[in-house]
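>>> One predicted model, sequence on top.
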Amino acid sequence: MKKIIYKAGDRGHVDHGWLNAYHSFSFASYYDPLRVHFGLLRVLNDDTVASGMGFGMHPHDNMEIVTIPTKGMLEHKDNMGNSSVIKPGEVQIMSAGTGVMHSEFNPSKTEEVKLFQIWVFPKEKNIKPRYDQRMFDVKERKNKFQTVVSPEKSAHSLWVNQDVYFSLGNFDKNFSTQYSVKHKGNGAYIMVVEGNVEIEGEQLNRRDAIGISEVNDFKISAMSDTELLVIDVPMS
């Protein structure tokens, strides 16, 4: 088993006033040669966008982009003709493929929006760009993991162009569970969204993370009411 600890306080941080962002991996002006990626997981940004602000139209290509809002609303528009608003409980995915232009904007006049935006390298390059979003019942992640993104075309999760699985779980204090890695050769990147947890002897707090590889399964024990995000991703 290999373990890498990512402490919340070691993340890159920028505060532009309208955007307060923490970068788990090297991004934009933040660069750390030890924090470039975990396997094929390339970006995990923890963003807060002020009311009435956002990102204007900008390009992406050959990247699988997952957005998970945790507070407020985020308006999405793109050159594929999609226009929608996502909110907590929903997950959005965009396959940038051959190239896409999109904007992300906080439509509220009073409330900030908080979100995770995550990029994963694609399995197949230069596919036709694609967009999808879905509402998930958060009750289905009570003391268990709910898979919200997977490489399997299913009515229960969003499809992604990579052998990666995104799962969310809400665990009661003192609850323990086992997580089994989905594919041989995958590792798991686990972020503590809220709470405190012990994973394989490592105690992690809010926004801390651990990357685990070369293992089939591992134990998770919640030390308080805890919310987790697991990204089960190919290591190469």
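The structure has been received and is ready for your questions.

>>> neighbours around Q162, how many?
Neighbour count for Q162, taken as other Cβ atoms under 10 Å: 20. Where you see a C-beta, it was placed from the backbone N, CA and C, and this is true even at glycine.

>>> Over to L34?
A count of nearby residues for L34, using other Cβ under 10 Å, gives 9.

>>> pLDDT wise, what is it at?
Confidence at L34, expressed as pLDDT, is 91.

>>> Same check on V120?
V120 is assigned 98 on the pLDDT scale.

>>> pretty sure it contacts E64?
Yes. Using Cβ atoms under 8 Å, V120 makes contact with E64 at a distance of 4.5 Å.

>>> Find the helix or strand that the spatially most central residue of the chain is a member of.
Centroid-nearest residue in the chain: I118, 4.4 Å away (criterion: Cα atoms, centre = their mean). In the assignment (DSSP states H and E), I118 maps to strand 113-120.

>>> Low-confidence regions, this structure specifically.
Applying pLDDT under 70 to the chain flags no residue at all.

>>> list residues touching both of V120 and E64?
V160, Q162, V164 (Cβ atoms under 8 Å, 6 or more residues apart in numbering).

>>> from those residues, which is closest to K125?
Among the shared contacts of V120 and E64, Q162 lies closest to K125 (Cβ to Cβ), at 11.1 Å.

>>> Not counting sequence-adjacent ones, nearest residue to that closest one?
In space, and not counting its chain neighbours, Q162 is closest to K123: 4.5 Å by Cβ to Cβ, 6 or more residues apart in numbering.

>>> what number of residues lie near the one you found?
15.

>>> Verify the assumption that it is located in a strand.
No. Judged by DSSP: H, G, I helix; E, B strand; the rest coil, K123 forms no part of a strand; its state is coil.

>>> And it, how far from M57?
For K123, the distance to M57 equals 27 Å [Cβ to Cβ, to the nearest Å].

>>> show me what contacts the residue of the chain most remote from its centre?
Distance from the C-alpha centroid of the chain peaks at K109, with 25.9 Å (Cα atoms, centre = their mean). Counting by Cβ under 8 Å, 6+ apart, K109 touches S51, G52.

>>> does it sit in a helix or strand, and which one?
According to DSSP H and E, K109 maps onto no helix or strand at all.

>>> Many thanks, we can stop here.
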